[in-house]
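A.B. asks: take a look and give me a structure for this.
(one chain, ligands or ions: 1)
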Amino acid sequence: MSDQKLLGELVDIARAFAPYGKVADYIPALSNQNPDDLAICIYSIGNESYYAGDHLKKFTLQSISKVITLALVLMDNGEDEVFSKVGMEPTGDPFNSIAKLETNKPSKPLNPMINAGALAVTHMIKGDTVIEKWDRLIEFICHLTGQQVTYNEDVAYSELQTANLNRSLCYFMKQHGVITGNVEDLLVLYTKQCAVEMNCVDLAKMGAVFANDGLDPESGRQLITKDVARICKTFMVTCGMYNSSGEFAIKVGIPAKSGVSGGIMGSVPGKCGIGIFGPSLDEVGNSIAGTKLLEGLSAKYSWSIF
Ligand SMILES: NC(=O)CC[C@H](N)C(=O)O
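C.D. replies: From the prediction side, this is the model:
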């Protein structure tokens, strides 16, 4: 059976799990996504791609954007500066939890994959204004995907109106000197970053850059340094699938990052990037059918890095 046909069959099997999950609705604009959608692209480091499902359908990155901003900020500011503001440890808590910000001394977010840590990282994007910082980030994403990517205004606005938990994380961190400046400006930038929109081919392409040690499989350009790509993949393994990263490491075993819109970016080192879109989520916020699909693929192709 061809890889393309097998992929189609695995998608059909995994789609049967979608009814057991639920589309995110705490960001109102995400609530009208179709829970039965499931699409995948596998993008090899040899620059070949395979896909199944509605692979051209666009969705917003949400938390997947956390890996991309981390890569940019690490290259701009260096490890020492970044890790003086955000830690390297998994939390075992939900992605938007505030609990450990208070109990961790000195107060700093435990890692860049939870909301508090991501807000601290986005705060470090270079630029004097929100516009300058945004331009820098979106240009980087356009290089990674090789496409003219932009953001979904409705989703960004919808999140900005309702982001009171993220607002409180910011004020807490401002009080403790993790971030400085205007909180509302940071939220405007963060919600735009989360609303960056693309299809699963573009997402798989970004995953392939990480899988290829930062080298673009299409142009051969080094878009991310090897060291930064390594750090990002390590965070994807330890914290990328929220508080089920441990179970995911056992059942799938690859660096991956999910978002509440139902996207998952996977990166199989030295092999391929994976982009998945399946908006029905399990109880921790990962695509339920997407995770099942990755379990099937990892078993079939022996992807686990462990
Ligand atoms: N887990 C996610 O995808 C969360 C991203 C979302 N924009 C938030 O901050 O709540």
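A.B. asks: next to the ligand, which bits of this protein? Give me the list.
C.D. replies: With Cβ under 6 Å from any ligand atom as the criterion, the chain meets the ligand at residues 62-63, 95-96, 115, 159, 166, 194, 259-260, 285. (C-beta placed from N, C-alpha, C; glycine too.)
A.B. asks: please settle this for me: is Gly275 part of a strand?
C.D. replies: Yes: per DSSP: H, G, I helix; E, B strand; the rest coil, Gly275 lies within a strand segment.
A.B. asks: Asn77 and Ile125 touch, don't they?
C.D. replies: No: between Asn77 and Ile125 there is no contact under Cβ atoms under 8 Å: 9.2 Å.
A.B. asks: with neighbour numbers in mind, choose between the two.
C.D. replies: With other Cβ atoms under 10 Å as the criterion, Asn77 and Ile125 differ in neighbour count, and Ile125 comes out ahead with 22 against 17.
A.B. asks: now that one: how far from the ligand?
C.D. replies: Using Cβ to the nearest ligand atom, to the nearest Å, Ile125 is found at 16 Å from the ligand.
A.B. asks: and what of Ser287?
C.D. replies: The gap separating Ser287 from the ligand is 11 Å, by Cβ to the nearest ligand atom.
A.B. asks: so how many other residues sit close to that residue?
C.D. replies: Ser287: 30 surrounding residues under other Cβ under 10 Å.
A.B. asks: tell me the pLDDT of it.
C.D. replies: Per-residue confidence (pLDDT) for Ser287: 98.
A.B. asks: could you pull up the contacting residues of the closest residue to it other than its chain neighbours?
C.D. replies: In space, and not counting its chain neighbours, Ser287 is closest to Gly278: 4.1 Å by Cβ to Cβ, 6 or more residues apart in numbering. Taking Cβ atoms under 8 Å, 6 or more residues apart in numbering, we find Gly278 in contact with 14-15, 18, 37-39, 262, 264, 287-290, 293.
A.B. asks: strands of the stretch 51-200 of the chain, start to end?
C.D. replies: Assigned by DSSP state E, counting those that start in this stretch, the strands in the stretch 51-200 of the chain fall at 59-60, 150-151, 196-198.
A.B. asks: among these, which is the most enclosed?
C.D. replies: Mean neighbour count (mean count of other Cβ atoms under 10 Å) peaks for strand 59-60 among the strands of the stretch 51-200 of the chain, with a mean of 26.
A.B. asks: inside helices: which ones of the residues of the chain next to the ligand?
C.D. replies: Here DSSP state H is the test, and the residues of the chain next to the ligand give 115, 159, 166, 194 as lying in helices.
A.B. asks: tell me the one of those nearest Lys108?
C.D. replies: Closest approach between those and Lys108, by Cβ to Cβ: Asn115, at 13.7 Å.
A.B. asks: hang on, that closest one packs against Asn96?
C.D. replies: Yes: look at Asn115 against Asn96 with Cβ under 8 Å: they come within range, at 4.8 Å.
A.B. asks: more neighbours: which of those two?
C.D. replies: Higher neighbour count among Asn115 and Asn96: Asn115, with 22 against 18, using other Cβ under 10 Å.
A.B. asks: contacting residues for the more buried one?
C.D. replies: When contacts are counted by Cβ under 8 Å, 6+ apart, Asn115 touches 63, 95-96, 165-166, 169.
A.B. asks: just the buried members of these?
C.D. replies: Listed as buried from these are 63, 95-96, 166, 169; burial here means 16 or more other Cβ atoms under 10 Å.
A.B. asks: can you redo those as a markdown table with pLDDT?
C.D. replies: Conversion of the buried ones among the contacts of Asn115 to a markdown table gives the following (pLDDT from 0 to 100):
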| residue | pLDDT |
| --- | --- |
| Ser63 | 97 |
| Phe95 | 86 |
| Asn96 | 86 |
| Asn166 | 97 |
| Leu169 | 96 |
